[in-house]
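Student: starting from these lines, generate the structure:
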Amino acid sequence: QVQLVESGGQLVQPGGSLRLSCAASGFAFARYVMRWYRQAPGKERELVAGISSWGGITNLADSVKGRFTVSRDNGKNTLYLQMDTLKAEDTAVYYCNVNLGSADYWGQGTQVTVSS
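Tutor: Coordinates of the predicted model:
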């Protein structure tokens, strides 16, 4: 079955960096667009980043452009989100996502907390 397992979230000070990972299994990872979403307390889930199946095209939300980088390793079936210059407003649960046409799949999420 499709599984997405995020990791890497933790408490970090403002201005710090984190790298999130999403290990994928149960589908042909290299064939699909992958996305990162986040959901802050009391807010709707929002799209943070997307990356094409081959990794050559990426899109980032305006709020994270210049600070976050999305990448993937198709040989390892893993999606990444490099987050630099973190701000308090980046605090959220981060989820990876894939749409296989028949359904959307989500991981369990990983908590990122930016606080001094």
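
Student: every contact and neighbour count from this point should use C-alpha atoms.
Tutor: Noted.

Student: list the buried ones in the strand or helix carrying N97?
Tutor: According to DSSP states H and E, N97 maps onto strand 92-99. Judged by neighbour count using 16 or more other C-alpha atoms under 10 Å, the buried positions of strand 92-99 are 92-98.

Student: not counting its neighbours along the chain, what's nearest L47?
Tutor: Once flanking residues are discounted, L47 sits nearest to Y37: 4.4 Å by C-alpha to C-alpha, 6 or more residues apart in numbering.

Student: and for E6?
Tutor: Nearest in space to E6, with sequence neighbours left out and distances taken as C-alpha to C-alpha, 6+ apart, is C22 at 4.2 Å.

Student: count of residues packed around that neighbour?
Tutor: C22 has 25 neighbours, counted by other C-alpha atoms under 10 Å.

Student: tell me the mean pLDDT over whatever helix or strand W36 lives in?
Tutor: Using DSSP H and E, W36 maps to strand 34-39. Average pLDDT, strand 34-39: 98.

Student: what do you get for stretch 73-87?
Tutor: Average pLDDT, stretch 73-87: 98.

Student: so what touches it?
Tutor: Applying C-alpha atoms under 8 Å, 6 or more residues apart in numbering, the contact partners of stretch 73-87 are 13-25, 29-30, 34, 36, 54, 67-72, 114.

Student: excluding chain neighbours, what is closest to the most centrally placed residue in the chain?
Tutor: Centroid-nearest residue in the chain: W36, 3.2 Å away (criterion: C-alpha atoms, centre = their mean). Leaving aside its chain neighbours, W36 sits nearest to C96 (4.5 Å; criterion: C-alpha to C-alpha, 6+ apart).
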